[in-house]
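A.B. asks: Test case, fold it:
(one chain, ligands or ions: 1)
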Amino acid sequence: VKRQAPAADRNKAPIAEVLERVLPERGTVLEIASGTGQHAVFFARRFPRLVWQPSDLGDENVASIRAWIAQEKLENVCEPLALDVTRDEWAVSAADAVICINMVHIAPWRACLGLLDGAARLLRSGAPLLLYGPYKFAGEHTAPSNVAFDTRLRSEDPEWGVRDADEIVREAERRGIAFQEKVAMPANNFTLVFRRSTLGR
Ligand SMILES: C[S@@+](CC[C@H](N)C(=O)[O-])C[C@H]1O[C@@H](n2cnc3c(N)ncnc32)[C@H](O)[C@@H]1O
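C.D. replies: Next comes the predicted model:
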């Protein structure tokens, strides 16, 4: 049941450095699209004062996440939730941070919008939303390898593809989630940092 993704092994340490700076000291972090569960256990160990709430769409992923948690015997990771961002009902009512790694390009655009809708509902004022992945900016890819990746994604599923960060920012801001910064990450990826605005939508 326990699965392992090489990309998650490579990006977990650089992502943790951004988290260290951006996440609150205490509270619950909702991880959307946790995948294998590697990130959840790595981050929970790294940030013992936070409570990690992993989630994913499919039963297979939820089982893998559960297997990682059982192996690592961590007390600050919750039972993984089955959570589809495109559905209105999320089994969580509040979070002190939301993080989503490598989902937005491997899902239809409506999944990105669903993620933003959910984050707007859940996040307390000032709480961060972090998105990690490859992005275009002002319609331009940041590297030739991302052009090839985008083509490959779209050939696998025409609804997938590397998204334009500017469009994500526009949709976030319409929902009362303010863009704060982009952090360049290894392998032509970025972390986009947003915060739920204090003034509502
Ligand atoms: C490339 S994997 C990334 C997994 C993990 N975050 C990582 O970085 O290793 C993409 C993930 O997005 C999840 N996903 C796709 N559509 C989703 C949706 N509508 N709601 C929640 N998760 C979704 C998939 O189940 C899959 O686990």
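A.B. asks: In contact with the residue of the chain found nearest the ligand: list those residues for me.
C.D. replies: Closest to the ligand within the chain is residue 35: 2.4 Å, counting by C-beta to the nearest ligand atom. C-beta: built from backbone N, CA, C; applies to glycine. By C-beta atoms under 8 Å, 6 or more residues apart in numbering, the residues touching residue 35 are 5, 8, 56, 61, 64-65, 101-102.
A.B. asks: ditto for residue 11
C.D. replies: Contacts of residue 11 were listed using C-beta under 8 Å, 6+ apart, and they are 101, 132, 185-187, 189.
A.B. asks: one more time with 6 Å, if that's ok
C.D. replies: Under the criterion of C-beta atoms under 6 Å, 6 or more residues apart in numbering, residue 11 has no neighbours.
A.B. asks: one step back: which secondary structure state does the residue of the chain closest to the ligand sit in?
C.D. replies: Secondary structure, DSSP: H, G, I helix; E, B strand; the rest coil: residue 35 is coil.
A.B. asks: Intersect the contacts of residue 35 with the contacts of the ligand.
C.D. replies: Residues shared between these and the neighbourhood of the ligand are 5, 8, 56, 61, 101-102 [C-beta under 6 Å from any ligand atom].
A.B. asks: and this structure, which residues reach the ligand?
C.D. replies: 5, 8, 32-36, 39, 56-58, 61, 83-86, 101-103, 106-107, 111.
A.B. asks: mind showing which ranges of the protein have poor pLDDT?
C.D. replies: Flagging of the chain using pLDDT under 70 yields the residue ranges 199-201.
A.B. asks: tell me which residues in the lengthiest helix in the chain are buried?
C.D. replies: Using DSSP state H to define each element, the chain has its longest helix at helix 6-22. Counting neighbours by 16 or more other C-beta atoms under 10 Å, one finds that the buried residues in helix 6-22 are 8, 11-12, 14-16, 18-19, 22.
A.B. asks: Quick check: next helix or strand after that helix?
C.D. replies: Reading on from helix 6-22 to the C-terminus, the next helix or strand found by DSSP states H and E is strand 27-32.
A.B. asks: for that next one, which positions count as buried?
C.D. replies: With burial defined by 16+ other C-beta under 10 Å, the residues of strand 27-32 counted as buried are 28-32.
A.B. asks: go on, stretch 31-45?
C.D. replies: For stretch 31-45, the neighbour count (16+ other C-beta under 10 Å) marks 31-44 as buried.
A.B. asks: Residue 169: which of the residues you listed is nearest?
C.D. replies: In terms of C-beta to C-beta, no member of the buried residues of stretch 31-45 lies closer to residue 169 than residue 32, at 17.9 Å.
A.B. asks: bridging residues for the closest one?
C.D. replies: In this structure, residue 32 has beta-bridge partners residue 100, where bridges are defined by DSSP bridges.
A.B. asks: Look up which residues are beta-bridged to the nearest residue to residue 165 once chain neighbours are set aside.
C.D. replies: Among residues not flanking residue 165 along the chain, residue 135 sits closest, at 4.0 Å (C-beta to C-beta, 6 or more residues apart in numbering). Applying DSSP bridges to residue 135 yields these beta-bridge partners: residue 163.
A.B. asks: Okay then, goodbye and thanks.
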